[in-house]
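Student: everything below, folded, please.
(2 chains, ligands or ions: 2)
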2 protein chains.
Amino acid sequence: MEGIGIVGAGVAGLHLGMLLRRQGVPVTLYSERAPQQLGSGRLPNAVAHHHVTISRERALNVEHWDAGEFGYGVHHHYLGGPSPARFIGRFSAPSRAVDQRMLLPRLVHDFCDAGGTFEHRTITPAEVEELARRHDLVVIATGRGGLSELFPRRADLSPFDRPQRRLCVGLYDGIAPAEPRGVTLSIAPGHGELIEIPMLSFTGQVSALLFEAVPGGAFEAIAACSYDADPAAFHRLVLEILREHHPSVHERVDPARFGLTRPLDLLQGAITPGIREDFAMLPSGRPVIAAGDAHAVVDPVVGQGANCASYSAWELGRQILDDPHFDERFCRKLAARRRNLVRATTDWTNLMLSSPPPQHLQDLLGAMATTPAVADEFTENFNHPDRQWDILATPERTRAYLAGHGLG
Amino acid sequence: MEGIGIVGAGVAGLHLGMLLRRQGVPVTLYSERAPQQLGSGRLPNAVAHHHVTISRERALNVEHWDAGEFGYGVHHHYLGGPSPARFIGRFSAPSRAVDQRMLLPRLVHDFCDAGGTFEHRTITPAEVEELARRHDLVVIATGRGGLSELFPRRADLSPFDRPQRRLCVGLYDGIAPAEPRGVTLSIAPGHGELIEIPMLSFTGQVSALLFEAVPGGAFEAIAACSYDADPAAFHRLVLEILREHHPSVHERVDPARFGLTRPLDLLQGAITPGIREDFAMLPSGRPVIAAGDAHAVVDPVVGQGANCASYSAWELGRQILDDPHFDERFCRKLAARRRNLVRATTDWTNLMLSSPPPQHLQDLLGAMATTPAVADEFTENFNHPDRQWDILATPERTRAYLAGHGLG
Ligand SMILES: Cc1cc2nc3c(=O)[nH]c(=O)nc-3n(C[C@H](O)[C@H](O)[C@H](O)COP(=O)(O)OP(=O)(O)OC[C@H]3O[C@@H](n4cnc5c(N)ncnc54)[C@H](O)[C@@H]3O)c2cc1C
Ligand SMILES: Cc1cc2nc3c(=O)[nH]c(=O)nc-3n(C[C@H](O)[C@H](O)[C@H](O)COP(=O)(O)OP(=O)(O)OC[C@H]3O[C@@H](n4cnc5c(N)ncnc54)[C@H](O)[C@@H]3O)c2cc1C
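Tutor: Ligands and ions are numbered 1, 2, ... in the order given. Reported below is the predicted structural model:
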């Protein structure tokens, strides 16, 4: 038997693989893409690692971009509507966004340096049983290629059966950084959100603009507009949306320099959020475990996917180290262990997508505008979706929370 | 609203009450018995606190009997049968047994000193709703008086619907302490167990003898033999059972001094083990939480009940401090949080009761006899029933564990 087999070289697979290698556990990572392919191609996402994730990277000795230097410490909020509000929320320690096409190949390198085996191979669902015979345990760390179908969807925990936003994310030059350095979360009620992230990419520090367009809303067109067909028209549309709906970003644009960094630095699409079983039993009776997007897919509106993938991989890794007996007890313990945080991540994210936003969410956002301590806690809780959900799970909870701040 | 209402002044209720008072949360403890009654009357049990429990008492500043002075550091094992085996298992830190009639009144005193409200009152099931109106949250910390019926029994997790042992526990003079000081666990295959515990009681250091008699086995009679009717005949029967089945204790008896310390220092009976739901919703929609024996009742064969009650109360208390919103989310988070340890406690205990003992348990006991590291880990895991169950949950797990020690 050859230790642990992991399918997928994303954050989940690589954080798990590194954790196990640091403790000397044999690991094989199967990736449909070679390391140089992970480092090229189209922009895959726009991911920020929050300090809980960074502290795991530090523990693995793979924090190659110091968060103090490359990171940011605040969220700038813009709430549109008849009387717009602007306010800041502060993190207790910086977050950091590095293009995954730079981050992942470096992690693969670390993984191989640490004695891990990297196999360039696309795994089909039919091949999982073969992998399970070869390894002590198989982990599916990718939601793609039909592999997530191994894990039944939890309809009871997955309220949406279609995307709630149309997405358009790209890397841009020509936007001056916000002061202090931070992410901008700009809400255009009824139409969607813009998330602007200061990101390190191949061309240096750039701005990722992630449009989260409500289907049928005012800026849905951006998710379908072809850059390649007419770059200038695409840029005009972006600027028009910024000017009309996201003024706190628009005011920092230098039109002379504004533009997509490179044609491939653009991704358009949509995500159907959902949560699946933590594990499945193969026909042979061997278990297979889901981690990251294979287990729970969230819309990027509050940027939790990669952080949750890292968390989920980490808990799995710790349990592999503590109790390396891969039976149903193992799977059930893991499910209980990850349950609160993974579910809170999806529940919170789904709440942020609901339109119109429920009154208690509006009340919390309103309170953030007037009360810095509330805005800071909301921001810090991007590290702790379970605590965010403690505040937002019900109208009563939000009311009690705000009352604790002398509000409402 | 008057903070937290706790029904029952046992270890669960008092550890919870102390933890909350140390953080300034208002607490009312309802007890059917006044403090002086808790300190008198019949022997209620024979409880040893293991070091995880003692560390909680230390954190609460209620460790009044130093474990270094009054505690013990080992388990002496005697495995009867055709070729008896004797061996020792060592704890990493001492356990300690103090008569609960001394311990609980002292804890009530600490609780009142810390500003807790002690109400001498028997609560009926019908009164729980009234309590729920008065308090932010009501905790049931007693399995008696029909109160545990509030929480549906989990038949799927409760394999026994009748007692598996008949019990007779008493405090005795005239048994020289084992060397080094420790508990003796003596197994008479097919007939049951004797647990001898060095205990501090009103008359000083005494020996608790807890007979765990298999119904129909050779020493079942002791659980029904009346001490009051004929003390000498009772003593004769105890000595005869020791001589025949538990020689490693018998050899330390001084017949001239041997005898029950006081007529009330004896308890006979039986326990039906079982596990119940963590919480229930009252007709008003308010939740009520189970802690300690109200949640899970175990046979005392491996002495886990009070330790599990303390654990369960502690996790509840920490969650009350972290997230004082008493709704269904609160209850479900608590259930997920306590699940692994509470279930492992009942599953392990139930395995120890099964007759005949399954082969993998026999294999583990056999390995303990030859391999001190295995005996030490089994002993230390009286602090960690979840880890004990990681070893014993299935024959495969035990086999893999023993293989890891070069055995089997
Ligand atoms: C637009 C956008 C913005 C986002 N912004 C954020 C953010 O700000 N913060 C955040 O935390 N998250 C964000 N996310 C989410 C984040 O990208 C994902 O949740 C995260 O990447 C999931 O990591 P993973 O390791 O589970 O899977 P992936 O990153 O998808 O990695 C899976 C890997 O497996 C490989 N693979 C796939 N199929 C196979 C196969 N059959 N055989 C072998 N290999 C295979 C793939 O090539 C891939 O490399 C965003 C996502 C999008 C789309
Ligand atoms: C013979 C024997 C040996 C044992 N040995 C061990 C051991 O070695 N180690 C170990 O950890 N455990 C042991 N146990 C188990 C242990 O005694 C129990 O698990 C533990 O005491 C449970 O604590 P609790 O706080 O949940 O309930 P309890 O200790 O039962 O406390 C409940 C309290 O509530 C009060 N009460 C009851 N009903 C009401 C009501 N309606 N209204 C108000 N108050 C009420 C009672 O008077 C009591 O004081 C043993 C048990 C027995 C019987």
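Student: what sits against A:Arg252?
Tutor: A:175-178 (Cβ atoms under 8 Å, 6 or more residues apart in numbering or on different chains). Any C-beta I mention is one placed from the backbone N, CA and C, and that applies to glycine too.
Student: tell me how chain A divides into domains.
Tutor: Taking automatic domain parsing as the reference, chain A has its domains at A:4-43+A:99-160+A:272-352, A:166-269, A:359-404.
Student: and A:Arg134, how far from A:Val128?
Tutor: According to Cβ to Cβ, to the nearest Å, A:Arg134 stands 11 Å off from A:Val128.
Student: so which of these two has more stuff around it?
Tutor: A:Val128 (19 against 13; other Cβ atoms under 10 Å in any protein chain shown).
Student: just give me the neighbour total for the nearest residue to A:His120 once chain neighbours are set aside.
Tutor: Of all residues not flanking A:His120 in the chain, A:Ala34 sits nearest, at 4.8 Å (Cβ to Cβ, 6 or more residues apart in numbering or on different chains). Neighbour count of A:Ala34, defined by other Cβ under 10 Å: 14.
Student: can I assume A:Gln90 is in contact with A:Val74?
Tutor: One correction, residue A:90 is Arg, not Gln. Yes - A:Arg90 lies in contact with A:Val74 (Cβ atoms under 8 Å); the separation is 5.2 Å.
Student: hang on, the earlier thing: just to check, the residue nearest to A:His120 is in contact with A:Arg121?
Tutor: No - counting by Cβ under 8 Å, A:Arg121 is not a contact partner of A:Ala34; they are 10.1 Å apart.
Student: joint contacts of those two?
Tutor: Common neighbours of A:Ala34 and A:Arg121 (criterion: Cβ under 8 Å, 6+ apart): none identified.
Student: longest single strand anywhere in chain A?
Tutor: Longest strand of chain A, by residue count under DSSP state E: strand A:85-97.
Student: single out the most deeply packed of the domains of chain A.
Tutor: Compared across these, domain A:4-43+A:99-160+A:272-352 shows the largest average neighbour count, a mean of 20 (mean count of other Cβ atoms under 10 Å in any protein chain shown).
Student: any idea how far that domain is from the chain center?
Tutor: From the chain centre to the centre of domain A:4-43+A:99-160+A:272-352 is a distance of 14 Å (Cα atoms, centre = their mean, to the nearest Å).
Student: so where is chain A shaky, pLDDT-wise?
Tutor: Across chain A, the stretches falling below the confidence threshold (pLDDT under 70) are A:1.
Student: what do you get if the cut-off is 50, keeping everything else the same?
Tutor: Applying pLDDT under 50 to chain A flags no residue at all.
Student: in it, which helix is the longest?
Tutor: helix A:328-353 (DSSP state H).
Student: wait, does that one contact chain B?
Tutor: Yes - counting by Cβ under 8 Å from any Cβ of the partner chain, chain B has neighbours in helix A:328-353: A:329, A:333, A:336-337, A:339-340.
Student: so, in contact with ligand 1 or not, that helix?
Tutor: No - Helix A:328-353 stays clear of ligand 1 (Cβ under 6 Å from any ligand atom), getting no nearer than 9.5 Å.
Student: distance between the helix or strand just after that helix and the chain's centre?
Tutor: Sequence-wise, the next helix or strand downstream of helix A:328-353 (DSSP states H and E) is helix A:359-370. Relative to its parent chain, helix A:359-370 has a centroid offset of 24 Å by Cα atoms, centre = their mean.
Student: show me what helix A:359-370 is in contact with.
Tutor: With Cβ under 8 Å, 6+ apart, helix A:359-370 has contacts from A:77, A:79, A:85-87, A:89, A:187, A:351-352, A:357, A:374-375, A:378, A:391-392, A:394-395, A:398-399, A:401-402, A:405, A:407-408.
Student: please repeat the previous calculation with a cut-off of 6 Å.
Tutor: Helix A:359-370 has contacts (Cβ atoms under 6 Å, 6 or more residues apart in numbering or on different chains) with A:85, A:87, A:374-375, A:378, A:395, A:398, A:402, A:407.
Student: please tell me how far the residue nearest to A:His120 sits from A:Gly41.
Tutor: For A:Ala34, the distance to A:Gly41 equals 11 Å [Cβ to Cβ].
Student: what of A:Ile88?
Tutor: 35 Å.
Student: quick check: chain neighbours aside, which residue is closest to A:Pro94?
Tutor: A:Gly71 (3.5 Å).
Student: ignore the last one, A:Gly68
Tutor: Nearest one to A:Gly68, counting by Cβ to Cβ, 6+ apart, is A:Pro94 at 6.3 Å.
Student: higher neighbour count, A:Arg90 and A:Val74?
Tutor: A:Val74 (21 against 16).
Student: relative to the one helix or strand the more buried one maps to, what are the paired strands and their orientations?
Tutor: Per DSSP H and E, A:Val74 falls inside strand A:72-79. With DSSP bridges as the test, strand A:72-79 is paired with strand A:85-97 (antiparallel), strand A:182-188 (parallel).
Student: for the most centrally placed residue in chain A, give its distance to A:Ala296.
Tutor: Nearest residue to the geometric centre of chain A (Cα atoms, centre = their mean): A:Gly305, 2.7 Å. As for A:Gly305, its distance to A:Ala296 is 8 Å (criterion: Cβ to Cβ).
Student: farthest-separated two in the contacts of helix A:359-370?
Tutor: Within those, two members stand farthest from each other by Cβ to Cβ: A:Phe87 and A:Pro395, at 22.4 Å.
Student: need the phi and psi values for the closest residue to A:Ala256 other than its chain neighbours.
Tutor: In this structure, A:Ala256 finds its nearest non-sequential neighbour in A:Gly174, 7.3 Å apart by Cβ to Cβ, 6+ apart. When read as degrees, to the nearest 10, the backbone of A:Gly174 gives phi 90, psi 20.
Student: what residues does the stretch 251-400 of chain A put near chain B?
Tutor: For the stretch 251-400 of chain A, the residues in contact with chain B (Cβ under 6 Å from any Cβ of the partner chain) are A:323, A:325, A:329, A:333, A:336, A:339-340, A:390, A:393, A:397, A:400.
Student: state the pair within the residues you listed that is farthest apart.
Tutor: A:His325 and A:Ala400 (42.3 Å).
Student: for ligand 1, what are the nearby residues on the stretch 201-350 of chain A?
Tutor: Selection of the stretch 201-350 of chain A residues close to ligand 1 by Cβ under 6 Å from any ligand atom yields A:210, A:267, A:292-293, A:300, A:303-307, A:309.
Student: next step: those restricted to strands.
Tutor: Mapping those onto strands (DSSP E) picks out A:210, A:267.
Student: looking at the residues of the stretch 201-350 of chain A next to ligand 1, which is nearest B:Arg58?
Tutor: Closest approach between these and B:Arg58, by Cβ to Cβ: A:Asn307, at 36.2 Å.
Student: which ones are touching the closest one?
Tutor: A:50, A:53 are the contacts of A:Asn307 under Cβ under 6 Å, 6+ apart.
Student: run the contact check for the helix or strand hosting A:Glu57 versus ligand 1.
Tutor: Assigned by DSSP H and E, A:Glu57 belongs to helix A:51-59. No - Helix A:51-59 is not in contact with ligand 1 by Cβ under 6 Å from any ligand atom; minimum separation 7.6 Å.
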